[in-house]
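1. Here's my sequence, what's the structure:
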Amino acid sequence: MLLGGLLTEYLSWSWCLFVNVPIAVVAVAEPLLSLRVVLDRRRGGAYLAIALAGIGMFAVLLFLTYYLQQTLGISPLKTGVAFLPLVGGIVTSSANLVPRWLPRVGPRPLVVTGQLLAAVGLLLLWRLQVGSSYAGHVLPPRSSWAWGWA
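-> Next up is the predicted model:
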């Protein structure tokens with residue numbers, strides 16, 4: 001996000017494609033999971049739930065990017081910086097909390113809890129208005145998502 005903000009602010013939004021397309025080509029050419037792992041019934045449902053939640057959340061992130069830049073007038077670079085708490089929360093919770101809880105409770109409760117936290121974040125966006133502030137109305141839902149996405 002931060003690199004995207006730099007590229008958009010100082011060059012053009014189209015430069016983001018020059019960075020992302022090669023990464024996507026490598027990801028498609030070298031899948032991270034074997035098809036056997038995805039087709040396992042115990043894991044497949046969890047992966048599907050996580051994928052659907054991720055698709056929905058990326059749509060919300062696009063909306064928030066437009067909201068921060070067009071409505072609040074924040075520059076692309078500052079918008080990228082505004083996304084850092086989200087990334088930090090995801091990294092912190094996925095590196096510290098998930099490894100501790102996964103062996104104890106299994107994946108199902110963690111996925112359900114994560115989806116509920118993400119839903120709380122979406123519900124908090126109902127308060128978002130033209131005059132809303134970043135700290136009061138954008139940061140709390142994104143904090144909820146950070147814990148939910150881990």
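
2. which residues in the protein form helices?
-> 2-10, 15-29, 35-38, 41-66, 76-82, 84-105, 107-124, 139-149 (DSSP state H).

3. Report the angle between the first one and helix 15-29.
-> What it means is helix 2-10. 150 degrees (axes from the mean of the first three to the mean of the last three CA atoms, to 10 degrees).

4. packing partners for helix 2-10?
-> Contacts defined by 3 or more CB pairs under 8 Å, 6 or more residues apart in numbering; DSSP states H and E place helix 2-10 against helix 15-29, helix 76-82. Using the backbone N, CA and C atoms, a C-beta is placed for each residue, glycine as well.

5. Point out the most buried one among those helices.
-> helix 76-82 (a mean of 19; mean count of other CB atoms under 10 Å).

6. Report all helices and strands that it contacts.
-> helix 2-10.

7. what does stretch 41-55 rub up against?
-> 37-38, 107-108, 111, 114-115, 118, 148-149 (CB atoms under 8 Å, 6 or more residues apart in numbering).

8. will you turn these into CSV that also has pLDDT?
-> Formatted as CSV, those follow (pLDDT from 0 to 100):
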residue, pLDDT
37, 76
38, 74
107, 82
108, 82
111, 79
114, 83
115, 80
118, 81
148, 75
149, 70
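
9. ok, back up a step: make CSV out of the helices and strands packed on helix 2-10 and add distance to residue 55.
-> Below are those laid out as CSV (distance: least, CB to CB, whole Å):
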stretch, distance to residue 55
helix 15-29, 15
helix 76-82, 21
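
10. Output the ones you listed as TSV; include the columns mean pLDDT and distance to residue 102.
-> Formatted as TSV, the helices and strands packed on helix 2-10 follow (pLDDT from 0 to 100; distance: least, CB to CB, whole Å):
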stretch	mean pLDDT	distance to residue 102
helix 15-29	74	24
helix 76-82	89	30
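
11. looking at those helices, which is closest to residue 98?
-> Closest to residue 98 of the helices and strands packed on helix 2-10 is helix 15-29 (CB to CB; 22.2 Å).

12. what does that closest one rub up against?
-> 3-4, 7-8.

13. Would you mind writing the ChimeraX command to select the buried ones in those residues?
-> Restricted to buried positions by 16 or more other CB atoms under 10 Å, the ChimeraX selection for the contacts of helix 15-29 reads:
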select :4,7,8
